[in-house]
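[1] Could you look at this predicted model? Sequence included:
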Amino acid sequence: MPPIFQTMLSPLTRRTAVKASSLGFLTLPFAKSAKAAVKPAQRLAIIGGGIGGVASAYFAGPEWSIDLFESRDRLGGHADTIQVNVEGESCPVDVGADFFAPQSHPLYWAFLEHVGIRTPDNAKTDLTIQTKSSLNIFSKNDGDSLFNSINTLSHPIHAVSFLRFTQEAREWISGDAPYSVSMGEWIDNLILPQTFKDNVLTPWLSSLSCSKVIDVRRQSARSHLRVVAKNFPKNPLAPIITYHAKIGLGGYIQFLQNRCENLSVKLNAAVSRLEEVNGQWFVTTSSGRDGPYDAVVVNAPPHVSKNFFSSIPWASELASLLGRQEYFPARVVVHTDPVYMPLDRKTWASQNVEVDSQFGESSHDVGSFYESVTTKKLSLFKSWASHRNNESKKILMTRDFVHPLSTPESLDAIKSLRDWQGRAGLYFSGHFTAVTDLHETALFSALETARRISPDSKNVLAFEQLIADQGLDSIDYNVP
Ligand SMILES: Cc1cc2nc3c(=O)[nH]c(=O)nc-3n(C[C@H](O)[C@H](O)[C@H](O)COP(=O)(O)OP(=O)(O)OC[C@H]3O[C@@H](n4cnc5c(N)ncnc54)[C@H](O)[C@@H]3O)c2cc1C
């Protein structure tokens with residue numbers, strides 16, 4: 001990283017968030033959680049501090065004394081927010097997950113209200129930002145625009161095809177289509193021009209997770225389309241509305257941490273091994289061995305956690321089941337030069353996707369997300385950059401992610417993981433237990449875990465009441 005930028009960014013710590021708040025940018029009610037006078041006797045270890053792990057701690061907290069082990073130096077996992085200073089403005093950037101919406105994230109949306117992040121009756125304290133999503137797909141070879149949702153008339157044939165695709169996708173995920181149909185099979189069956197499918201649609205779909213075109217074709221269509229298709233409006237000409245976090249999704253995790261009871265967080269504590277001794281659990285990190293615990297929730301992803309069980313004879317089948325979930329690497333850079341944006345600024349959209357026959361990679365115009373809270377539109381971008389022709393010269397931060405590839409085979413392994421839930425006090429929460437990879441499903445998994453280990457917890461009961469009132473209580477993201 002160029003030294004000049006090292007001082008320009010920092011993880012979103014409570015201090016930076018409060019400082020931003022004092023500048024009038026954020027209003028962050030870091031309320032102190034009510035600490036129980038006497039800690040509960042039963043002890044729970046949670047491994048991995050993503051939304052799945054922290055929400056598990058929140059839901060179970062009133063009834064358990066919890067140690068949360070996180071390998072990084074901060075909580076959040078794929079909700080990873082850094083605070084950057086650009087053009088005299090301080091702005092949070094979500095390096096990983098960044099968007100949510102009531103259609104695609106109904107439980108998460110309700111949860112944000114439940115914990116006080118979303119305050120529909122008070123705009124001043126509400127920590128969400130509404131944004132109009134727009135899409136520009138352009139050729140990697142010559143930069144020519146192929147589809148632009150802001151100006152659909154510029155490419156009328158592709159626009160009509162895209163609109164037809166959105167309606168087909170909405171229909172597919174709202175029925176009970178089988179998860180076994182691959183994206184490739186689904187695309188091949190669409191009655192749309194082949195050039196549109198090959199040059200626009202498939203590489204754009206691959207850009208949603210930065211997988212290769214050959215890999216996106218192997219994904220489960222229902223699982224992959226679920227990430228975006230709920231947000232396609234019924235009226236194809238209506239704008240797509242999504243939401244971002246004023247304090248970043250990592251800021252939301254800190255907020256949630258402050259709402260947790262009986263929680264002790266251990267950072268830089270990468271777990272290497274779990275042991276089960278007469279129904280009690282021990283957790284090994286580089287700092288030593290902790291325990292005993294009455295139960296363990298594993299929220300670390302399966303490509304890591306499959307190695308935790310080597311000393312547990314009864315769990316060898318479990319380890320190989322975890323190893324059956326497929327993952328692939330993807331690199332994201334946060335930068336200030338518009339190196340991956342189309343040359344013609346008039347065509348810029350919130351998402352700008354460079355495509356060729358093998359890949360699609362998106363560059364998000366982050367400055368546009370925060371335009372309503374910064375005093376000017378910042379030159380600030382977040383781009384997937386695993387296969388780019390050139391490198392940005394003004395990189396603020398790089399992060400290498402490991403993404404799940406939800407093939408029908410992976411989903412089969414996810415389904416089988418259910419049989420292991422609760423065995424000898426061992427539980428799994430996180431995106432890798434559900435039909436697709438979203439904050440929505442990771443939150444659902446935490447609720448499911450807490451329903452098993454703490455069904456009478458006041459936080460579980462209160463949230464269940466809220467979702468019942470909103471008619472959301474039948475939502476189920478388990479693989480059928
Ligand atoms: C680049 C990117 C963009 C995304 N965009 C969106 C989006 O816009 N909207 C959306 O809803 N979803 C999005 N997602 C998906 C979303 O981020 C995930 O569904 C969600 O964050 C998963 O939460 P989790 O708790 O299951 O896992 P994670 O967030 O991966 O948490 C797992 C945690 O385990 C920790 N860990 C790993 N190994 C160990 C170990 N040995 N010991 C202790 N801890 C360990 C990790 O450091 C991590 O903190 C995106 C994902 C990525 C990668």
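    On my side now, so go ahead.
[2] Give me the pLDDT for the residue of the stretch 351-480 of the chain found nearest the ligand.
    Relative to the ligand, the nearest point of the stretch 351-480 of the chain is residue 430 (3.0 Å; C-beta to the nearest ligand atom). Glycine gets a C-beta too; all of them are placed from N, C-alpha and C. Among the per-residue scores, residue 430 shows a pLDDT of 98.
[3] how far away is it from residue 352?
    30 Å (C-beta to C-beta, to the nearest Å).
[4] quick one on the thing from earlier: ok, the residue of the stretch 351-480 of the chain closest to the ligand touching residue 445?
    Yes - look at residue 430 against residue 445 with C-beta atoms under 8 Å: they come within range, at 5.7 Å.
[5] what's the overlap in contacts for these two?
    residue 52 (C-beta atoms under 8 Å, 6 or more residues apart in numbering).
[6] More neighbours: which of residue 430 and residue 352?
    residue 430 (29 against 26; other C-beta atoms under 10 Å).
[7] tell me the contacts of the closest residue to the ligand within the stretch 51-200 of the chain?
    Nearest to the ligand in the stretch 51-200 of the chain, going by C-beta to the nearest ligand atom, is residue 77, at a distance of 2.2 Å. Residue 77 sits next to 48, 49, 50, 51, 52, 53, 96, 299 when contact means C-beta under 8 Å, 6+ apart.
[8] Thought residue 299 was touching the third one, still the case?
    The one in question is residue 50. Yes - between residue 50 and residue 299 a contact is recorded at 5.9 Å, counting by C-beta under 8 Å.
[9] Just name the shakiest helix or strand of the chain by mean pLDDT.
    helix 3-6 (a mean of 32; mean pLDDT, DSSP states H and E).
[10] same question for stretch 82-93, mean pLDDT?
    93.
[11] Could I get the CA-only coordinates of it as PDB?
    Extracted C-alpha coordinates of stretch 82-93, given in PDB (Å, rounded to 0.1, in the frame of the first residue of the first chain):
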ATOM      1  CA  ILE A  82     -12.800   0.700   7.100                       C
ATOM      2  CA  GLN A  83     -13.000   4.500   7.700                       C
ATOM      3  CA  VAL A  84     -11.300   6.500   5.000                       C
ATOM      4  CA  ASN A  85     -10.400  10.200   4.700                       C
ATOM      5  CA  VAL A  86     -10.900  11.400   1.100                       C
ATOM      6  CA  GLU A  87     -11.000  14.900  -0.100                       C
ATOM      7  CA  GLY A  88     -11.300  16.200   3.500                       C
ATOM      8  CA  GLU A  89     -14.300  13.900   4.200                       C
ATOM      9  CA  SER A  90     -14.400  10.900   6.600                       C
ATOM     10  CA  CYS A  91     -16.400   8.100   5.100                       C
ATOM     11  CA  PRO A  92     -16.900   4.400   6.000                       C
ATOM     12  CA  VAL A  93     -16.300   1.900   3.200                       C
END
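[12] Show me which residues of that stretch are buried.
    Judged by neighbour count (16 or more other C-beta atoms under 10 Å), stretch 82-93 contains these buried residues: 82, 83, 84, 86, 89, 90, 91, 92, 93.
[13] Of those residues, which are in range of the ligand?
    Judged by C-beta under 6 Å from any ligand atom, the overlap between the buried residues of stretch 82-93 and the neighbourhood of the ligand is nil.
[14] how about the residue of the stretch 51-200 of the chain closest to the ligand, phi and psi?
    Dihedral pair for residue 77: phi 60, psi -120, per degrees, to the nearest 10.
[15] try residue 274
    phi -120, psi 140.
[16] Validate this expectation: residue 241 resides in a helix.
    No - per DSSP: H, G, I helix; E, B strand; the rest coil, residue 241 lies outside any helix segment and is strand.
[17] ok, it - contacts?
    So residue 241 contacts 101, 130, 131, 132, 133, 231 (C-beta under 8 Å, 6+ apart).
[18] before we move on, what about residue 139?
    145, 146, 199, 354, 355, 356.
[19] hang on, isn't residue 385 packed against residue 330?
    No - assessed by C-beta under 8 Å, residue 385 is found out of contact with residue 330, at 9.1 Å.
[20] In terms of neighbours, single out the busier of those two.
    More crowded of residue 385 and residue 330, by other C-beta under 10 Å: residue 385, with 21 against 18.
[21] For that one, list the residues it contacts.
    Residue 385 neighbours (C-beta under 8 Å, 6+ apart): 331, 332, 333, 340, 361, 391, 392.
[22] excluding its backbone neighbours, what's nearest residue 92?
    residue 248 (3.7 Å; C-beta to C-beta, 6 or more residues apart in numbering).
[23] Might one say that the one you found is in contact with residue 90?
    No - assessed by C-beta under 8 Å, residue 248 is found out of contact with residue 90, at 11.7 Å.
[24] For the two, list the residues in contact with both.
    By C-beta under 8 Å, 6+ apart, the residues touching both residue 248 and residue 90 are residue 83.
[25] ok, the contacts of residue 139 vs residue 160, which is closest?
    Proximity of the contacts of residue 139 to residue 160 (C-beta to C-beta) peaks at residue 146, which lies at 13.4 Å.
[26] ok so the closest one is a strand residue?
    Yes - when classified by three-state DSSP, residue 146 is found to be part of a strand.
[27] which residues does it contact?
    Per C-beta under 8 Å, 6+ apart, neighbours of residue 146: 137, 138, 139, 155, 158, 199, 200, 355.
[28] With distance to the ligand as extra columns, can I get those in JSON lines?
    Listed next are these as JSON lines, based on distance: C-beta to the nearest ligand atom, whole Å:
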{"residue": "137", "distance to the ligand": "18"}
{"residue": "138", "distance to the ligand": "21"}
{"residue": "139", "distance to the ligand": "24"}
{"residue": "155", "distance to the ligand": "26"}
{"residue": "158", "distance to the ligand": "25"}
{"residue": "199", "distance to the ligand": "24"}
{"residue": "200", "distance to the ligand": "22"}
{"residue": "355", "distance to the ligand": "18"}
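[29] Restricted to helices, list these.
    Among the contacts of residue 146, the members falling in helices (DSSP state H) are residue 158.
[30] Can you name the two of the contacts of residue 146 that sit furthest apart?
    155 and 355 (13.3 Å).
[31] okay, these two: which has more neighbours?
    Per other C-beta under 10 Å, whichever of residue 155 and residue 355 has more neighbours is residue 355, with 26 against 19.
[32] With that, I have no additional questions.
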